[in-house]
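Q: 3D, please:
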Amino acid sequence: MKVTENIWHEYQSRLAAFIRSKVAEDAVDDLLQDVFIKIHLRIDSLKDDTKLESWLYQITRNAITDYYRTRRISEELPEWLEQPQPEEEEIIIKELSACLEPMVKELPDKYRNAIQLSEIDNRTQKEVAELEGISLSGAKSRVQRGRALLKTMLNDCCQFEINHKNQVISYDKKERDCKSC
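A: Got it, this is the predicted structure:
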């Protein structure tokens with residue numbers, strides 16, 4: 001109970017403002033109450049305290065989605081519901097970048113070098129080919145295979161929620177002892 005109270009004091013005004021920006025004023029208090037009930041009931045499911053804020057916003061977004069679904073205000077949900085918000089997107093990028101670094105180091109040399117040059121050093125695939133002394137199609141293949149290996153490694157470690165534009169809008173670690181995250 002004390003944890004939920006602390007969260008209420010710290011986040012209620014920000015979450016209320018977020019809700020207010022998405023729904024009619026007369027629905028804000030009810031939605032905020034629903035959000036904090038869900039937070040209270042699910043606080044034990046938060047596995048990583050450093051992700052509290054993104055977890056709170058995900059619960060809030062889900063409550064707003066439920067609000068629109070039950071009200072049937074429109075045929076389609078607003079597009080912003082499926083997009084990460086700027087502050088959340090920044091948090092996700094920072095957290096996943098930290099996970100990717102050790103994963104890149106685990107890749108076989110030829111894929112690690114291609115990913116390092118193309119994705120981290122922002123070189124074109126033509127430059128990758130020249131620097132690695134291989135054909136352009138060979139460079140493209142190494143970059144693609146390196147990305148595929150990284151995707152597999154990330155999916156082994158984390159569960160992702162992806163929107164219709166293939167953007168990560170939230171994620172959770174599958175296991176606490178993931179080597180990379």
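
Q: May I have the helix or strand harbouring residue 34 exported as PDB, CA atoms only?
A: Using DSSP states H and E, the element containing residue 34 is helix 25-42. Provided in PDB are the C-alpha atoms of helix 25-42 (Å, rounded to 0.1, in the frame of the first residue of the first chain):
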ATOM      1  CA  GLU A  25     -12.100  16.200 -19.300                       C
ATOM      2  CA  ASP A  26     -15.000  14.400 -17.600                       C
ATOM      3  CA  ALA A  27     -13.300  11.100 -18.000                       C
ATOM      4  CA  VAL A  28      -9.900  12.000 -16.600                       C
ATOM      5  CA  ASP A  29     -10.600  11.300 -12.900                       C
ATOM      6  CA  ASP A  30     -12.200   8.000 -13.600                       C
ATOM      7  CA  LEU A  31      -9.400   6.800 -15.800                       C
ATOM      8  CA  LEU A  32      -6.800   8.000 -13.300                       C
ATOM      9  CA  GLN A  33      -8.500   6.000 -10.600                       C
ATOM     10  CA  ASP A  34      -8.600   2.900 -12.800                       C
ATOM     11  CA  VAL A  35      -4.900   3.300 -13.600                       C
ATOM     12  CA  PHE A  36      -4.000   3.500  -9.900                       C
ATOM     13  CA  ILE A  37      -6.100   0.500  -9.100                       C
ATOM     14  CA  LYS A  38      -4.300  -1.500 -11.800                       C
ATOM     15  CA  ILE A  39      -1.000  -0.200 -10.500                       C
ATOM     16  CA  HIS A  40      -1.900  -1.300  -6.900                       C
ATOM     17  CA  LEU A  41      -3.000  -4.700  -8.100                       C
ATOM     18  CA  ARG A  42       0.000  -5.300 -10.400                       C
END
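
Q: Domain-wise, how is this protein divided?
A: Listed by automatic domain parsing, the domain ranges of the chain are 2-82, 84-181.

Q: In terms of secondary structure, what does the helix holding residue 34 contact?
A: Other helices and strands packing on helix 25-42, by 3 or more Cβ pairs under 8 Å, 6 or more residues apart in numbering; DSSP states H and E, are helix 2-20, helix 52-71. (Each C-beta comes from the backbone N, C-alpha and C, glycine too.)
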